[in-house]
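My questions concern the predicted model and sequence given below.
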Amino acid sequence: MHDLARHQQERHLVSIRRDRIVDDGVQGFVLAVSPTLVAIQQVDDFRLDGLMVLRLEDITEVRRGDSDQFQQALLAEEGLVQQVPFGMAFDLSDWSAVITQLSREHGYLILEREANEDPDFAIGRVIRTTADAVRFKFFSVVAHWKDIPEEILFEDITCCEVDTNYLTVYRRHFERQGIEPAAK
């Protein structure tokens with residue numbers, strides 16, 4: 001589908017559209033593909049900006065245009081292509097597997113439910129996963145941990161992100177403050 005496996009093999013920078021979900025596209029390097037999910041190294045304004053996992057069913061277009069090719073050359077000149085984790089192994093068998101893996105390796109995650117009537121995202125830590133949901137301890141945009149964890153159904157998740165610049169700043173804030181969420 002969409003030549004994702006070829007783009008992964010050839011280590012191409014590509015632009016991905018999910019027109020039924022969001023207006024903005026995503027640019028990145030394809031790291032892994034399964035029948036239902038794709039993992040990419042996100043690129044934003046010539047910076048590597050975390051790992052993103054998307055549902056394949058939401059992808060409406062994958063292209064590699066002149067802009068992508070030129071930007072990949074610039075990223076190579078800057079030494080950033082060499083930092084892309086092309087050899088990283090992902091378990092993309094389902095949301096439970098990949099969220100469990102990424103939460104162990106990165107701690108903080110963003111889980112998005114963009115296709116819901118009221119699109120939403122949660123940012124925080126995984127407490128546990130079940131067969132059909134993740135119990136998630138999240139915090140507000142002003143870094144206040146919520147008292148009650150939330151159950152997020154896998155069927156509602158459209159995107160999972162880790163190691164983004166956004167998450168990195170929050171993680172450092174919590175580390176400086178000595179703040180960790182209490183699991184409930």
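All right, it came through fine.

which residues sit in contact with the closest residue to Gln83 other than its chain neighbours?
Spatial nearest neighbour of Gln83, excluding adjacent residues (C-beta to C-beta, 6 or more residues apart in numbering): Leu48 at 6.0 Å. The way it works is simple: take the backbone N, C-alpha and C, and place the C-beta from them, glycine included. Shown in contact with Leu48 (C-beta atoms under 8 Å, 6 or more residues apart in numbering): 41-42, 80, 83-84.

And for Asp68?
Asp68 neighbours (C-beta under 8 Å, 6+ apart): 12-15, 27.

Of the contacts of Leu48, grab the buried ones for ChimeraX.
Of the contacts of Leu48, the buried ones can be selected in ChimeraX as follows, counting by 16 or more other C-beta atoms under 10 Å:
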select :41,42,80,84
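
just checking, Val142 is part of a strand?
No - Val142: not assigned to a strand; according to DSSP: H, G, I helix; E, B strand; the rest coil it is coil.

can you map out the strands along this structure?
13-17, 26-33, 37-44, 47-55, 61-63, 108-113, 120-129, 133-138, 150-153, 159-162 (DSSP state E).

So for Gln69, which of the ones you listed sits nearest?
Ranking those by proximity to Gln69 (C-beta to C-beta) places strand 13-17 first, at 7.5 Å.

So in terms of bridging, what pairs with the residue nearest to Gln83?
The partner list for Leu48 in beta bridges (DSSP bridges) reads Val43.

What distance do you get for Gln27 to Leu56?
Per C-beta to C-beta, to the nearest Å, Gln27 is found 17 Å from Leu56.

try Asp23
Asp23 is 19 Å from Leu56, where distance means C-beta to C-beta.

more crowded one of these two?
Taking neighbours as other C-beta atoms under 10 Å, Asp23 and Leu56 compare with Leu56 leading, 15 against 7.

Hmm, that one is touching Leu37, no?
Yes - between Leu56 and Leu37 there is a contact under C-beta atoms under 8 Å: 6.4 Å.

who's in contact with Pro35?
When contacts are counted by C-beta under 8 Å, 6+ apart, Pro35 is found next to Leu56.

got a pLDDT number for it?
For Pro35, the model assigns a pLDDT of 96.

Kindly tell me how buried the closest residue to Asp156 other than its chain neighbours is, as a neighbour count.
Nearest residue to Asp156, sequence neighbours excluded (C-beta to C-beta, 6+ apart): Arg113, at 4.5 Å. Neighbour count of Arg113, defined by other C-beta under 10 Å: 18.
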